[in-house]
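# Build me a model:
(one chain, ligands or ions: 1)
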Amino acid sequence: MTELIKYTAAETAAAIAKGEVTAVEVARAHLDRIDAVDKKVNAFLHVDHEGALAAARAVDAKRASGAELGPLAGVPLALKDVFTTRGMPTTCGSKILEGWVPPYDATLTKRLKDADVVILGKTNMDEFAMGSSTENSAYGPTGNPWDLTRIPGGSGGGSAAALAAFEAPLAIGTDTGGSIRQPGAVTGTVGVKPTYGSVSRYGLVAFSSSLDQGGPCARTVLDTALLHEAIAGHDPLDSTSIDAPVPDVVAAARTRDVRGMRIGVVKEFAGEGYQAGVMQRFEESVALLRELGAEVVEVSCPSFTLALPAYYLIAPSEASSNLARFDAMRYGLRVGDDGTRSAEQVTALTREAGFGPEVKRRIILGTYALSSGYYDAYYGSAQKVRTLISRDFDAAFAGVDVLVSPTTPTTAFPIGERADDPMAMYLADLCTIPSNLAGNAAMSLPCGLAPEDNLPVGLQIIAPAMADDRLYRVGGAVEAALNDKWGHALLEEAPAL
Ligand code: GLN
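Residues are numbered from 1 along each chain as shown. From the prediction side, this is the model:
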C-alpha cells in the first residue's frame, strides 16, 4: 500500500497545494489501488480513469499558473451512482438504466467539479437506493473491506467500501432512511446526513423525495466537514432547497470541545435485537462524552418505535410515483419493441425485466397504500406518525443540544443472511429512520470494534435541522479522544485486503 492512499483528504489537498505531490500522482495512486483491489470489493460500477486523470492535470495546471487552490482541490472522490454525471453512466444499481448516459450534471456533481475534486467513478448501491446491504444491486454485491463475506451496508455500500478499502479518501452517499450512516457504521467510516434541503437534490435520481438527502462520507470527521462545506448550500433548481447560510461545519470539526454541551441518550434505542458488543461500545462512548465535560441525560422519544412502519408506507408510496418515469420511452432499457406491441406492452415488459424484486415489492406496496379507500388508513396514518416523531424531537431538543444512539443495532451481517427476509433487512435502519422522517441532521462515526466479532460499531449523533455544526463539534471531539486512546485511527487496524 503506497502512503498516498492513506492520506486524509485534508492532508492530500495540503500536499498538492504545497507542491509536495501532484494531483496526477494522487489520482494515479488511487486508480492503481482500485485496479488492484476492486475485483474483490466491487465498490465501483464505473471507473473513469481518463476523466480522473484529466481533472487532476487541470488542478496541476491551475497550481502551476499561480491560481489559488480550494480546500479539496485534487482530492479523489467516489460518487454514488444515483447522481447524474454528464457523459458518465448513471445506473442507480438498476438494469433499467443500463447504458444511460445523462446529458447533465447534478448540482452536487457540478459543485464537486467547481471545487476541483477529482471524481474517480461511480459506486455500487442497492437498486434505486432501496436496501441496507448493497445486495439489491443488479450488478452484484459489494464486500465489506473488514470481511469480504459480509455486507458493507446499504444502500451506499459502494461508497463506504471505497473509503474503507483506501480506494478514495472522500465519497458521496444519499440517505433516505440511513443509507449514508448505516454503511458508515458497518465499515468504520464517517457519514453525515445533512439537514433535509441543505444539499441540492437536483440530479439526484429520486427514491422518496421528501426523505432523500445527499451527503458527505470520509474516513475522518474533518474530511467529512470539508466535503459537506463543498456540497451544501441553496440551489434554485431544487424547490425544497433551503435558502439560508450553511453552518460552519469545518470550524466545528476543529473545535474538539464538548464542555458544557447537553447530550441526550435516546432510551428507546436499546434492548432486544441490539448486539451486546454494539451496546458496550456505545455506552463507552457516552462515558467518554461525560469525561470530556458534556452533561449527559436520558431522553424518551416514544413515537420512535413507530418510525419503521411509517417509513415503509411513506417511502414506497413516494417511490411508486417517482419510479413511474421509467417507462421504456425516456431512459435506458427498452424490451419487446418489435413493432407488434403497444407502448403500454413495451412499458410493462421493460419494467418486468428492468426492475429487481425489492423495487417491485416497494412499487406494489406504495401503489396499494396510495389507492383510494386505503389512502387515509395507510399513507394518511403514516404522515400523522411523522408529525408525532417531529414533536418528539422538538421536545427532546428543548432540553439537549444533540441526541446520541448506536447507529445500527448490529455489526455487519454475512452476505446472504437477510437477503430473503425483508423485515430483518429493514431493522438495520431502526435508529436512523426517525431523522429522515423529521428532516434533521445526523452523523455516524466509528466508536470501536465489537468484542464478539471484531467488526466496526457506529455512534450516531443527531442535531436539530440547520444545526449540522453540532454533529461535527461532538463527532470531532469523540474521534480525537478515541484516536488518543487507541493510539491510531480505527481503520489502521485494517481490514481483509
Ligand atoms: N434501508 C432503507 C431502505 O431500504 C434506507 C435506504 C436509504 O436510505 N436509501 O429504504
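
# if I look at the residue most central in space within the chain, how far off is Gly380?
For the chain, the residue whose C-alpha lies nearest the mean C-alpha position (CA atoms, centre = their mean) is Ile180; its distance is 2.0 Å. Distance check for Ile180 against Gly380: by CB to CB, to the nearest Å, it reads 29 Å. All C-beta atoms are positioned from the backbone trio N, CA, C, and that covers glycine.

# repeat for Phe304
Counting by CB to CB, the gap between Phe304 and Gly380 amounts to 20 Å.

# Helix, strand or coil: sort out Ala52 for me.
Secondary structure, DSSP: H, G, I helix; E, B strand; the rest coil: Ala52 is helix.

# Run the contact check for the lowest-mean-pLDDT helix or strand in the chain versus the ligand.
Of all the helices and strands that make up the chain, the one with the lowest confidence by mean pLDDT, DSSP states H and E is helix 422-426; it has a mean of 92. No. Under the criterion of CB under 6 Å from any ligand atom, helix 422-426 makes no contact with the ligand; the nearest approach is 6.7 Å.

# Convert the C-alpha atoms of the next helix or strand after that helix to CSV, please.
Along the chain past helix 422-426, the next helix or strand (assigned with DSSP states H and E) turns out to be helix 433-438. Only the C-alpha atoms of helix 433-438 are listed here, as CSV (Å, rounded to 0.1, in the frame of the first residue of the first chain):
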residue,chain,number,x,y,z
ILE,A,433,-35.1,6.5,10.1
PRO,A,434,-36.5,9.0,12.6
SER,A,435,-34.1,11.7,11.4
ASN,A,436,-35.2,11.2,7.8
LEU,A,437,-38.9,11.5,8.8
ALA,A,438,-38.2,14.7,10.8
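
# what's helix 433-438 in contact with?
175-178, 193, 196, 211, 213, 301, 304, 307-308, 310-311, 314, 385-386, 389-390, 392-393, 441-442, 462, 465 (CB atoms under 8 Å, 6 or more residues apart in numbering).

# Distance-wise, check Pro194 relative to the ligand.
13 Å (CB to the nearest ligand atom, to the nearest Å).

# any idea how far that residue is from Gly184?
Relative to Gly184, Pro194 is positioned 14 Å away (criterion: CB to CB).

# Over to Lys122?
Where Gly184 is concerned, Lys122 sits at a distance of 19 Å (CB to CB).

# higher neighbour count, those two?
For Lys122 and Gly184, the more surrounded residue by other CB atoms under 10 Å is Gly184, and the numbers stand at 39 against 27.

# pretty sure that one contacts Val457?
No. Taking CB atoms under 8 Å as the contact criterion, Gly184 and Val457 are not neighbours in contact, 11.1 Å apart.

# Please enumerate the shared neighbours of those two.
A shared contact of Gly184 and Val457, defined by CB under 8 Å, 6+ apart, is any residue touching both; here these are Thr407, Pro446.

# Where does pLDDT dip in the stretch 351-497 of the chain?
Low-confidence segments of the stretch 351-497 of the chain (pLDDT under 70): 494.

# do that again at 90, thanks
Across the stretch 351-497 of the chain, the ranges flagged by pLDDT under 90 are 372, 375, 492-497.

# cool, and the chain?
In the chain the weaker segments, taking pLDDT under 90 as the threshold, are 1-3, 99, 330-332, 372, 375, 492-497.

# Tell me the residues of it that contact the ligand?
Proximity of the chain to the ligand, by CB under 6 Å from any ligand atom, involves residues 129-132, 155, 175-179, 207, 315, 429.

# which parts of stretch 289-298 are buried?
Leu289, Leu292, Ala294, Val296 (16 or more other CB atoms under 10 Å).

# I'd assumed Leu403 was in contact with the first one.
Translated: Leu289. No. When contacts are counted by CB under 8 Å, Leu289 is not listed as touching Leu403 (11.9 Å).

# host element of the closest residue in space to Ala489 that isn't next to it in sequence?
Nearest-residue entry for Ala489: Asn483, 5.6 Å, with adjacent residues in sequence omitted and distances by CB to CB, 6 or more residues apart in numbering. Element membership of Asn483, judged by DSSP H and E, is helix 468-486.

# okay, now the residue nearest to Ala489: neighbour count?
A count of nearby residues for Asn483, using other CB under 10 Å, gives 14.

# My guess is it contacts Leu491. True?
No. Counting by CB under 8 Å, no contact exists between Asn483 and Leu491, whose distance comes to 10.7 Å.

# Am I right that Val37 is in a helix?
Yes. Val37: assigned to a helix according to three-state DSSP.

# how far away is it from the ligand?
25 Å.

# Tell me, how many residues neighbour that residue?
The burial metric for Val37, expressed as a neighbour count using other CB under 10 Å, is 21.

# which residues touch it?
Per CB under 8 Å, 6+ apart, neighbours of Val37: Ala165, Glu167, Leu497.

# Count the residues that sit near the second one.
Spelled out, that is Glu167. Look at Glu167: counted by other CB under 10 Å, it has 31 neighbours.

# Return the backbone torsion pair for the nearest residue to it once chain neighbours are set aside.
Of all residues beyond its chain neighbours, the one nearest Glu167 is Ile34 (4.9 Å), with distances taken as CB to CB, 6+ apart. In this entry, Ile34 is assigned phi and psi values of phi -60, psi -50 (degrees, to the nearest 10).

# ok, now which ones touch Ile34?
Contacts of Ile34 were listed using CB under 8 Å, 6+ apart, and they are Ala43, Phe44, Val47, Leu120, Gly121, Glu167.

# so which of those would you say is closest to Ala54?
Comparing these against Ala54 with CB to CB picks out Leu120 as the nearest, at 12.2 Å.

# in which helix or strand would I find the closest one?
When secondary structure is defined by DSSP H and E, Leu120 falls within strand 118-123.

# Any figure for the gap between Cys217 and Gly158?
Where Gly158 is concerned, Cys217 sits at a distance of 11 Å (CB to CB).
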